[in-house]
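# turn this into a model:
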Amino acid sequence: MILARVKGQAVASAKVDNLQGYKLLLVELLSLNTDGLIFTRKHMVVLDPVGAGEGDLVLVVQGSSARQAADMRQVPVDALIVGIVASVTALGQHVTAEALAA
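The predicted structure is shown next:
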C-alpha cells in the first residue's frame, strides 16, 4: 500500500465506459522518516471509490490489488484509493490528517 495526500481532481473529457461514474484524483506520494511525513513531489492519478477530498491522507493500492477491490474487476484501473487515513504512527512520530493539512 502507498500513503498519499490528495492534491486535486483530474477531469477526463472522454473515458472508457467502465470508468464512467468514478472520480479521478491527483495524489502526491508520501514517505516517512524520523522527522515525519515527507512530500516526495511524485504524483499519480488514482480512481476514488471512497469519496476522498483534497487534503485527505489516503491509502492507495496498485496493480492486481486495485482490481481485486469490490466492484473493480471490470474496471481498467491500476491505482485505487482504498481508505482515508486519520493518523499515522511510525518511527516515533504521530501525524494526524488535520496536522498534515495545515
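# I'd say Asn61 and Met1 touch.
You called it Asn, but residue 61 is Val. Yes. Val61 is in contact with Met1 according to Cβ atoms under 8 Å; the separation is 5.7 Å. (Each C-beta comes from the backbone N, C-alpha and C, glycine too.)
# any common contacting residues for the two?
Counting by Cβ atoms under 8 Å, 6 or more residues apart in numbering, the shared contacts of Val61 and Met1 are Val82.
# out of those two, which sits in the more crowded spot?
For Val61 versus Met1, the count of surrounding residues by other Cβ atoms under 10 Å is larger for Val61: 20 against 11.
# which residue sits farthest out from the middle of this structure?
In the chain, counting by Cα atoms, centre = their mean, Gly92 sits farthest out from the average C-alpha position, at 23.7 Å.
# what kind of secondary structure is Ala66 in?
The local conformation at Ala66, judged by DSSP: H, G, I helix; E, B strand; the rest coil, is helix.
# who's in contact with it?
Taking Cβ under 8 Å, 6+ apart, we find Ala66 in contact with Leu47, Met72, Val77, Asp78, Ala79, Leu80.
# ok, and the most crowded of those residues?
Leu80 (23 neighbours).
# skip the chain neighbours and tell me the closest residue to that one.
Closest residue in space to Leu80, ignoring its immediate chain neighbours: Ala66 at 3.8 Å, by Cβ to Cβ, 6 or more residues apart in numbering.
# kindly report the same for Ala79.
Closest to Ala79 by Cβ to Cβ, 6+ apart is Val46, at 4.2 Å.
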